[in-house]
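**Student:** Need coordinates for the following:
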Amino acid sequence: MSKSLNFVVNIRLDRRSTDVNGNHPIKLRVWNRASRKVKLYSCNKFSDSSLFEKAMNHQAIVKGDAFVLRTYLDRVLSNATEILEKNDVKSHTDFEKLMFGRTKQSADLSNHIDRKICECDINQQYSSKDIYIGLKKLLKSFSEGNNIQVADVSVKWLESLEKWYLGRKKSNGDSYRISGYSIYVRHLRIIINELVDEELISQKDYPFGKKRYTIPAAENNKRPLATEDITKLLNYQSDCPLKQYAVDFWKLSYYWMGINLRDVINLKWSDIHDDKIYYYRSKTLKRSKVKKKNTIFRDDRTTAIINKYKGAGSFIFNVIDESMGEEQKYKAGKNFIRKINQHLKKVALELDISKDISSIWSRHSFATEMKKKKVSPYLIQEAFGHKDLKTTENYMSSLVEDDLRKIQDLL
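**Tutor:** Sure, this is the predicted structure:
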């Protein structure tokens, strides 16, 4: 028999707000009959009305996204119900302690980071999981091992964190970049936003926003190679298999209109249709309502690289395979890109080009070269699979610098 008869829990779609894709946040609604108070807790999921209704209609058999969402929300609801059935819960504060392992305003921030890490595991968001793990390590270093309380996160605290982060030096003497800091603090803001939604932080104590703390914008790090340096890479030949391997995959990404290497290693033989290869961009697939495939083309240059490194299984390249779980595939891809970047830097020293080169520079270089050749930005946008032309134009911002340099040379 339930020990906490005064509570009713259910799942609701909160239509009062939307994300960038027009989806609404899903909330766990907890009603205390005795106090007649209701609190909504974030389920860390967004959905449109149609998908949500399908997932919540247990009389219907569902597949795909609706099945995944139903399974996740059933687990959330089951956990909440079990807490109320097995414990004498008298208030929302009691429920929060048992459900989330925290107390109002005095909880360790690390508890909430751990919760996000677990959620990322469930949702197979392994890149975000790595960021939250990094955030936890970063804050532990900043606090010198002391626990950081939710109530500690203020404007002054964030300003101190920023000054400390950017004031450090790496082992090689380089400074830490704003871009890295911004990524960590944006993910911290996600946690703080959820705590505001759950009324564990009041709006007056919310530290982010206008006239409060503004997360510094990352510097534009879209880095294309100069045309002559691209030519050096495209003509590069080495007796070192690892260096040649790195350059060949950089070339493949460049020929294939800047495709991300994570998408390259996920290509399957079944994706090939005559001279065309269709693929989904893994970076945007989960958050896109319309699942649109990108198209790349095989020619003699790309076919030669495929034949050189082709795998024996269903995947074109032998980096991941069907026996791996999703997290194993993520880690294998991360390790693959790390090794590619390591050896690209060695090649850069040989060719006397920028030592900051990485695999993503192929994407920036492709966009800039196409712009130089007067290719329409809309075609480049289509090649990249961007929804917004402004995103594409960011990849070509170095051309503005080139034009300004020419103006100065005229003086």
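
**Student:** pLDDT value on residue 377, please?
**Tutor:** Looking at residue 377, its pLDDT stands at 68.

**Student:** Which stretches in the stretch 201-350 of the chain count as helices?
**Tutor:** 227-234, 241-255, 261-265, 282-285, 300-309, 326-351 (DSSP state H, counting those that start in this stretch).

**Student:** Next one: residue 302 from residue 315, what distance?
**Tutor:** From residue 302 across to residue 315, the span is 16 Å (Cβ to Cβ, to the nearest Å). Any C-beta I mention is one placed from the backbone N, CA and C, and that applies to glycine too.

**Student:** give the contact list for the closest residue to residue 8 other than its chain neighbours.
**Tutor:** Distances taken as Cβ to Cβ, 6 or more residues apart in numbering put residue 31 closest to residue 8, at 4.6 Å, once the chain neighbours are dropped. Counting by Cβ atoms under 8 Å, 6 or more residues apart in numbering, residue 31 makes contact with 7-9, 37-38.

**Student:** Now flag whichever of the residues you listed is closest to residue 22.
**Tutor:** Of all the contacts of residue 31, residue 38 has the smallest distance to residue 22: 25.5 Å, by Cβ to Cβ.

**Student:** What strand or helix carries the closest one?
**Tutor:** Per DSSP states H and E, residue 38 falls inside strand 37-47.

**Student:** neighbouring contacts of that strand?
**Tutor:** Contacts of strand 37-47 (Cβ under 8 Å, 6+ apart): 11-14, 19, 21, 23-32, 55, 69, 72-73, 76, 92, 99-100, 116, 119, 123, 194, 197-199.

**Student:** And residue 80, how close does it get to residue 86?
**Tutor:** 11 Å.

**Student:** Look at the two and report which has more neighbours.
**Tutor:** Taking other Cβ atoms under 10 Å, residue 80 and residue 86 do not tie; residue 80 has more neighbours (21 against 12).

**Student:** Would you check how far apart the more buried one and residue 39 are?
**Tutor:** Taken as Cβ to Cβ, the span from residue 80 to residue 39 is 12 Å.

**Student:** what sits in contact with each of the two?
**Tutor:** residue 30.

**Student:** Compare neighbour counts for residue 302 and residue 315 and give me the winner.
**Tutor:** With neighbours defined as other Cβ under 10 Å, residue 302 and residue 315 compare such that residue 315 has more, 20 against 17.

**Student:** Each with direction, which strands does the strand holding residue 38 pair with?
**Tutor:** According to DSSP bridges, strand 37-47 forms sheet pairs with strand 24-32 (antiparallel).

**Student:** and the strand it pairs with, average pLDDT?
**Tutor:** Rounded mean pLDDT across strand 24-32 is 91.

**Student:** CA-only coordinates of it in CSV, if you can.
**Tutor:** C-alpha atoms of strand 24-32 as CSV (Å, rounded to 0.1, in the frame of the first residue of the first chain):
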residue,chain,number,x,y,z
HIS,A,24,7.7,21.7,-25.9
PRO,A,25,9.5,20.6,-22.7
ILE,A,26,8.1,17.5,-21.0
LYS,A,27,7.5,17.8,-17.2
LEU,A,28,6.8,15.5,-14.3
ARG,A,29,3.8,16.9,-12.5
VAL,A,30,3.6,16.2,-8.8
TRP,A,31,0.4,17.3,-7.0
ASN,A,32,0.2,17.4,-3.2
